[in-house]
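Student: let me see the structure of the following:
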Amino acid sequence: MTGVAGEGERPRPRYGEYATPEEVAAARGPLPVEPTDPVSRLAAPISTAASLRAANAAAPPPPLPIGVRPPRPANNLITVLLLVVGIWNTATSVPSYLDLGPALTQGLELAGYGDVEFGAAAHTAGIVLLVISCVLLLAAAAGSLQLMRMGRRSIWVPVAAAALYLIASLIVMSVVVANTPAVADLLHNQ
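Tutor: Model prediction:
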């Protein structure tokens, strides 16, 4: 009588439900023997190595430590691109920062406002803007990298650094305009 239990017999095990360890081992068949010496391990059949890889691939990934989130590839890419734009902008603006007075004079001439001489305030303002730009860029890079390592959103860091730079440059340029009477007269007459 296969598959049907008689009066005194217990039902045949299905899928290991009632099987004893010996019955499970018999149903499973002989286990493959893992080679122990290095040469035999290198010469192991591919099917054994493939089955080990498949067993490892089927296992779920280990959980992340507490406080660490999975990486955000789009966030990281956009953050790095924003930082690269900031580095490029700062690097290409260094000559203008170091010679801000003549750069502003040339800008006003090109705009058709005539020849205006900026004093020492423009030179000092250029150096201040260069320092502010470098400090904000370094802080944005450090903060972004830290947030990216933790798996958190970091896009806002370079955006906030750019906003702070714009505010600082407006303040510094207002001081330059206030300390250059020719520009104040030019703005008053227009």
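
Student: residue contacts, Gly112?
Tutor: By C-beta atoms under 8 Å, 6 or more residues apart in numbering, Gly112 lies in contact with nothing. For glycine as for every other residue, the C-beta is placed from the backbone atoms N, C-alpha and C.

Student: please tell me how far it sits from Leu187.
Tutor: 14 Å (C-beta to C-beta, to the nearest Å).

Student: and Ala91, by the same measure?
Tutor: With the distance defined as C-beta to C-beta, Ala91 ends up 32 Å from Leu187.

Student: again with Val131
Tutor: As for Val131, its distance to Leu187 is 27 Å (criterion: C-beta to C-beta).

Student: how about stretch 99-118: buried residues?
Tutor: Of all the residues in stretch 99-118, those buried under the rule 16 or more other C-beta atoms under 10 Å are Leu100, Gly101, Ala103, Leu104, Thr105, Leu108, Tyr113, Val116, Phe118.

Student: export these to a markdown table and tack on distance to Leu77 and pLDDT?
Tutor: Putting those into a markdown table (distance: C-beta to C-beta, whole Å; pLDDT from 0 to 100) gives the following:
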| residue | distance to Leu77 | pLDDT |
| --- | --- | --- |
| Leu100 | 34 | 89 |
| Gly101 | 39 | 87 |
| Ala103 | 34 | 87 |
| Leu104 | 36 | 86 |
| Thr105 | 40 | 85 |
| Leu108 | 40 | 82 |
| Tyr113 | 42 | 78 |
| Val116 | 44 | 81 |
| Phe118 | 41 | 83 |
